[in-house]
Structures are given as C-alpha cells and as structure tokens.
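> build me a structure from this.
(3 chains)
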Amino acid sequence: MDLQSIVKSVRGAQPEALVADAAQEEHLELTPDRWREVARHLIDDADLQFDALMCLSGYDEGPEGSLAVIYHLFSMQHKHKLEVRIKVPRDGGSLPSVADIWRTADWHEREAYDLFGMTFEGHPDLRRILLPDDWEGHPLKKDYLTPDYYRGIPVPKDKRGWE
Amino acid sequence: MTSFTDSLTGWFNGLTWLPDMSPAIVAVFVAGILALAVFTFMSLNALVAVYFERKVSAFMQDRLGPMEVGIFGFRGGKKFWGGIGQTLADAIKLLGKEDTIPADADRPLFILGPFILFGAAFTAFIGLPIGWGMVISDFNIGVFFITAITSVGVIGIILSGWASNNKWSLYGAMRSAAQIISYELPLGMSLLLVVMVAGSLQFSDIVQWQEDNRWFIIHSPFTVVAFMIFLVSGVAEANRTPFDLPEAESELVAGYMTEYSGFRWSLFFLSEYASMVIISLMTAIVFLGAWLSPVAGILRMFGVPEGWYYLSGPLWGLFWLMGKVAFLIFTMMWFRWTFPRLRPDQLMYTAWKVFLPFALANIFFVGLWELLLA
Amino acid sequence: MTATDSKSSNFGVVETEEMVLNMGPQHPSTHGVLRLKIRTDGEIVTHIEPHLGYLHRCFEKHCENLSYEQVIPFTDRCDYLASMANNHIYALGVEQMMGLEVPDRVEYIRIIMVELQRIASHLMGVGTFGLDVGGITPFTYCFRDRERVLDLFEYTCGARLLYNYIWIGGLSHDLPENFVQYANEFLDYFEPKIDEYNRILTYNKIFIERTGDVGVLPADVAISYGCTGPVLRGSGVSWDLRKNEPYSIYDRFEFDTVLGTGEMGTLGDCWDRYFVRIQEMRESIKIVRQALAQLPEGDVFEALPKKVRPPEGSIYFRGESPRGELGYFIVSDGKNVPYRVKMRSPAFCNLSVINEIGAGWMISDIVTILGSLDIVLGEIDR
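Residues are numbered from 1 along each chain as shown, chains lettered A, B, ... in the order given. Take a look at the predicted model:
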C-alpha cells in the first residue's frame, strides 16, 4: 500500500489527527492528541497491519523549532513502511505513549525521554534508560550545554586532534 | 591388617634410647606425624591435580595450558611438563594474598566455615587405605565412617555461604545443601549393596572378598549399575561439573566462596581436590579391586600359578591403587571439560527419581542374585 | 509463656518474601556491564528489570560533531563483535542519501567481509552460550576458529576487532595478495568444524535439557517487541532482510533463511535460537564461497567521494547485522556533519523481551535465556 492510500485510510478513521496536507510529503505528520487512536487504527486495520515498530527516534528541529518523535513502522504482513512524525512543544511537550501497542516503543520511548525530554503519557515506567538517574538536562537537545562537572568530576571538553 | 598407627606406635616403643613415655604421649606423637603426612599429601595432591587438570583441559580444548614457568631444570615449552612450576608459583601467590572479610559478614562463622569443610576432607583420610596395610586406622566401620564424615563438609559450605552475607553465596550454600542430601542417598545405597555381598563395613574385608572372588564391578550386572550410580553421585558429591551447582561460575559468580580470598579460599580449594581423591579412592577400593593388580587377576583367570605374579605385593599395590585413582580423577576431569551444567531441579530429578529407585531396586536384585547363585 | 501465647504467635507459620537480587554489572554471564534487577522467590525468578547505560558512550551525541566519514570508527565500537556489519549498513545508508554508486568489486568485498564477520560473531554467540550453560570447551573451540577469521581481517586491513574498513563509497584497502586463496582455505577448514560443535554441544543431552523448552518466545510477542535476527527466526518467522528486502547485492547469491523448528522442544525456545546461529554459519559460508568465486576486478577507490555532503533530507536504512535488524536514521541538513544519527540497535530490542520470556524460570535459566539472545552491551548502550 502506498502512502496516498495510507493517508486516505487514516483520514477516514481519524480526520482531525493529520497535520496539514501530509500526503505530499514522504511521511505522515500527526497531532499528538489523537496519536493513540491512529496507532490503534494502524495496527488493527486489515489493510494496514503495521505490526512492527522498526524504530522510534527523538528529533530536535533546533533551538527555535519544536521537538519531534519519529516512528518508522513496518507491516510484516503487507511489507509496507510508514514514517510518522509527531511534533511536540519544546518545553514540557508530551504525547501519548504507545508502549502497550508496540512493545518496542517501551524502551525507545524511555530513550527519547532520556535524551530529548519529551514525556510520554501513560508509559508504564518512564525513567532515564541510558544516562544516570541523576543526570541533569537532555543531551541531544540542540541547545543543551555540556556541564562542567558531573558529581564533582570535571567533564573533559578537549577537542584537540579531531577538530 | 596392620596400619600406619600400629606400625608407628610399635616403632616408637621399640626405640630403646628414648626415655619411657606413657602411651598417651606416644599416641599424640603418632597422630601429629600422621596429620602432618595427610596435610602434606593433600597439599601435594592439590598441586599435582591442579597442574594435571590444567594440562588435561588445555589439551582437550586445543590449547597448551601453562607453559612458561619451569622448575627443577624443566624448561617452559609446549610439552606436558612445560609449565610445571606454575601451580607452585600460584600457590605462593595465593598465600601472599590479602585476606579480606566483608564488613557485614558474620565473622566467627565466616572464619569457621572453610575449616569445617577442610576438616571433613582431612578426617576422611583416616579411614582410607592407599595400599595393603597402608592406612592410618583400619576401622571395622570404615565405609560408614567415610560416608558420614564426607557429609559433614556441607555444614562448612552452608556456614560460609550464610556468613558471607552475600546473596550469591547464600544461593550456593542452599544449592549445596540440597545437592548433598540428594546425592548422599544413592551413594549410600550403592555402597550398601557391596556391604551386603562382602558382609563387612571394613575396607580390608571388602578388598579381601574381592581378592577371593572377583572385583565388584564385574561381580554381577547389578554391581555395574551400582558402580555407575556411585561414580556419578560421587562426582556430584565432589561438586564437579556437570554438578558444580554450588559454585556455578556462570550463574552464581563463585557460589559459596564468592567472598573468600587468600588462605581461606585455598582451604576450599584443597578440600575440593581432596574430595575428588576421596571419591576416587572409595570407588577404586570398593568397586575396582583396590590394590589388587589387574594383571594378576587376568593371570589367575588363565590358571597361571601364584609364584609368577611379579606385579603384586605391597608397593605394587600402592602403584595399582594410585593408577586406578588417577584414572578416575582423569574421568572426572573429562566430564568437567565435556559436559554443560545441569539445572538444580534437573539435578534433583536425577537423584531422587532416577538414581534412588534404581539403587533400591539394585539392592533387592543383588539380594536375589546372592540367594540364588551364590 | 502460656499456651495461648504460643498459639497466638505465628510459630509454625512460615512467612516467605521475595528477594531482590542484583545480577551485574559485574557478573560473569551478563555479557558486559548489564545489570539485571531480579526479584526471586527461592530460585524462581518472578520479575526481571534490566538497567542499562553502564557502557553508554554518547554515540549519537558524538555524531552531531563528527563528519560523516568520522562516524564510521564510532559505529565500529557500537557492536564490537560485528564491526563490519555496522560499517556496512551505515555506509550504505549514507551512500543511498547521496545517490552514490559503488563499483561491483567493492560490493563483493563488502559482502565477503560482512559474511565472514557474521561467522565470527555467531561463533562468539555460540561459544558464550555454551559457557553460560556451563560447557567451557565449546567456547575455546569457537575462539580457536574465530581467531582464523580475525586473522583474515587483520591481513586485509590491519585491525582485528575495530576495522574502519568499509568507507562511504569504497573501502579503506583493497584485498591483499592471495586473500581469495586464504579465505577459501579457511572455509574448507571451517565447514567440518560446525559438525564438531554439533557433536560437543548441540546434541548433548544435558545441553538439550537445559535449553529445549526454556524461554519460549512466541512469534507475535517477538514481532511486537521488535526482536529481529536469529531471535525472531528462532521463533519460526521467516524474516531476513538479506532475503526479504535485499540490499547491497544480496539478491545475487543463493542462500536459505534458517528457521527454528522446535526440534528439541517448543518452537522459539533457547535451543532453536542457538541452532539458527549454527546453521546461519553454513549459509554465510555459502555466500562467501559464491562471492569469492564471482569476485570481479576493479579499482576499489574510484568511487570514494571527495566530500561527503548528502543533500537535505532523512533516511532510515536497515540491514541484517548478525544480531538482527540494524537501522540508521540519518538526518542531513546539507552540511558535512550529520544533523542527527539514530542507531536502532537489534540487541536493544532483543534484550527488552527478557522479562516477558524470563519471568517464571530459575536463575540458571535466566543466564541461558540471556545467552540465547546474544546481546552485545556496546550496541545496547551505544
């Protein structure tokens, strides 16, 4: 199934979920508030059946832009792919968790939260996963400043040799 | 049968230039000398067996093993004796290690644990003959004594596992307790069968019976089964792979000895290798004809007259028994470097649902066999 | 104490409570610095909670400051047991963004290296799995043969573990003299060795008892958790990106997708996952043989770009690493430094299933299950 028909199918199920005229792009852009319903539709609909979440990436558009979460979906049955992007506000942005729909999302959402700081509502156990629990800030944000000290240990910032 | 104790006491009493001593003091002297001998034997055994094990495992695994540290004129190299100084160097390093006791450990029990285990292995050597007349004390309940004293060791394991205040150690200790109980039974049952046939609990009587008749392993089909049950249970008793659950390296880090180091750890080590020897000695004495020469047995089968048996006699007996023990130890090493490890519940299953019924049935059938054929 | 007192006290009633056990970060069989927080009831495990991040080396943060070529050595260090595959898939992703065509010889050499790497990586997986189950000898056998593969790599590019060999648009070195002959000699030597592993480990009764029926992973759970590679195929799902979504030149080779069969228990148990790896080594041998036979002549450096500046846009490129689906989500803003690189690591998803299939088994089985997932912490923590 190509992107056009996927968009049509999603529009039929959840008309207000789509942001703008996404059919021109390579991906589907959704609003955060209807995401769970769309996700259910994507996995349950007999023609779509996106049963595998290949990848879930956090993304930062830059210090002025917003944060985004990018889902790469794949259907083992129909062998088609879909890229879903959901933009959330930079500060205190949140979107519904899909950890119970695709279990892959469980750890990946934790990772996105860890590195970008957006929260996933309804996630069973939203904690930092890669960084220490007491780490401050979310390092992959483009406006993140590397701290000078972590627990009194100086953080080396020497770039000689590879810059 | 004479024993080391008797001959040593006799020798002391025969020394006319010594002042008169009460028998108690002589006994203390004799016991001291024999204890020293046993300790030396255990240490030497560990040294030799460790080197043997490392080389055997290395050759089984396409490696070379220790090959750098030569000693006594042997130079390092790819030959079997290439690294013969390695275990000695290791032992010296081990004794020089810092002895640590965890802050939250139960100090007295932590210190006591390895000594109980070592003591059990040490005491077991009292009753074990290593040749004709070469025994510290030839009890009339030798078989019973050995089985009893070897199971005391598990108390040491439980104590040290508990006292370490480490969850992995605790798991190791609990597994060990369960394992020893499970395997003592089939082990004892297999021994019982031999005792039934020979009619004595004394090792020298059992060997005498084998000399008069035949080795127990070929006595009847049931004794073959008993031998196998005994050997496998013995491997479990000695905590060797595939039954090394109490120290299961990949699961429990090092089990009950996780928190030990230095000399205390070396006590565990000594007892492990000593228990291998104890089990092998037991198997060899009870089932494989102890110090009886296999050559003599074959010659007798063909009716060759007694005077031609050059390969028997006391020293040859020592040789044959040690040869059998070495073979059994090699078999245990072979097991260890070939098999994966069993899971605790599978181990229990094997002990309680396979070995024990077979061992019990064995006793019954051997009884029948003796009634009908003997 | 009166009789009523002793009755009212709970004497004789055994109260049990669960024990929390920390497995790792220093533990012999967590394959690195993984910490599993295990709740146990006796030896039965009721809940497993993995704690990651002890090996986090900020791969994605580093990528924001490195040019596209400089990222390649960092991909090496992610899955350090399958560096070639990491290089390969990353390079293919960037090449696809740039629309770069590489010479045939380069493609063939890449396939040879990646499949040899798959053999080496599976040998490691098989060997350490044997070690987890308690057999030490298979491990040394596997290392003996892995050494030969590493020797081939060393001969080719000078490095034994972290190669930085597959570059964007080409390779760091052409094949050295007589490589084809040496590689063929290795394959001839190695193929019978697989039977040796089968004799000592695969069909060992104790091994089967320990791994058959243990940690059964049903196909739908595997897909939902994003498990891929031998873990997914062990559950009987025919899914191999080399076959189903051929990238590079995998469509030119004859090989089979190996599936778990449930031969020694239930479909999707630890034994199936293990045996898939064993058989995949044979398939890799097949591919390498074909690639060696068809290897064309040519210049491997001719397509190396002067500047790597992919046009603005993004790509999610995935390929089959020895551990499963390795994906790179690369966003470019037209500069020579990637705007965002996200690595979708197969072992990360494979490990997330551990609580689902591990709860209810004993501690020994957790070690077995963890071994059968064949994780590499460098890739999980990145």
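
> for residue B:251, give me its contacts.
B:245, C:29, C:363-364, C:367 (CB atoms under 8 Å, 6 or more residues apart in numbering or on different chains). The way it works is simple: take the backbone N, C-alpha and C, and place the C-beta from them, glycine included.

> how much space between it and residue C:54?
20 Å (CB to CB, to the nearest Å).

> also residue B:19?
71 Å.

> and if you look at residue B:204?
Relative to residue C:54, and taking CB to CB, residue B:204 is found at 61 Å.

> please report how far residue B:16 lies from chain C.
Distance, residue B:16 to chain C, using CB to the nearest CB, to the nearest Å: 59 Å.

> give me the secondary structure label for that residue.
Three-state assignment for residue B:16 (DSSP: H, G, I helix; E, B strand; the rest coil): coil.

> how many other residues sit next to it?
5 (other CB atoms under 10 Å in any protein chain shown).

> quick one: which of the contacts of residue B:251 has the most company?
Result: residue C:367 is most packed of these (other CB under 10 Å), 29 neighbours.

> contacting residues around residue B:219?
B:197, B:213.

> redo that, cut-off 10 Å
B:193-194, B:197-198, B:209-210, B:213, B:226-227, B:287, B:366, B:369-370, B:374 (CB atoms under 10 Å, 6 or more residues apart in numbering or on different chains).

> residue C:103 now?
Applying CB under 10 Å, 6+ apart, the residues near residue C:103 are C:109, C:169-171, C:296-303.

> go with 6 Å
Neighbouring residues of residue C:103 by CB atoms under 6 Å, 6 or more residues apart in numbering or on different chains: C:298, C:303.

> any idea how many residues pack against the residue lying closest to residue C:373 once chain neighbours are set aside?
Among residues not flanking residue C:373 along the chain, residue C:350 sits closest, at 4.9 Å (CB to CB, 6 or more residues apart in numbering or on different chains). For residue C:350, the count of nearby residues is 29 (other CB under 10 Å).

> ok, now residue C:77?
Residue C:77, neighbours per other CB under 10 Å, totals 18.

> was I right about residue A:93 contacting residue A:116?
No. Contact status for residue A:93 versus residue A:116: not in contact, 8.9 Å apart, counting by CB atoms under 6 Å.

> all helices of the stretch 151-300 of chain B, in order?
Along the stretch 151-300 of chain B, the segments classed as helices by DSSP state H, counting those that start in this stretch run B:167-198, B:203-212, B:221-237, B:249-252, B:262-287, B:294-301.

> which phi and psi does residue A:155 have?
phi -90, psi 120 (degrees, to the nearest 10).

> which ones are touching the nearest residue in space to residue C:264 that is not next to it in sequence?
Counting by CB to CB, 6+ apart, residue C:212 is the residue found nearest to residue C:264 once chain neighbours are left out, at 3.8 Å. The neighbours of residue C:212, taking CB under 6 Å, 6+ apart as the test, are C:264-265, C:269, C:271.

> show me which of residue B:204 and residue C:54 is the more surrounded one.
When neighbours are counted by other CB under 10 Å, residue B:204 and residue C:54 differ, and residue B:204 comes out ahead with 21 against 18.
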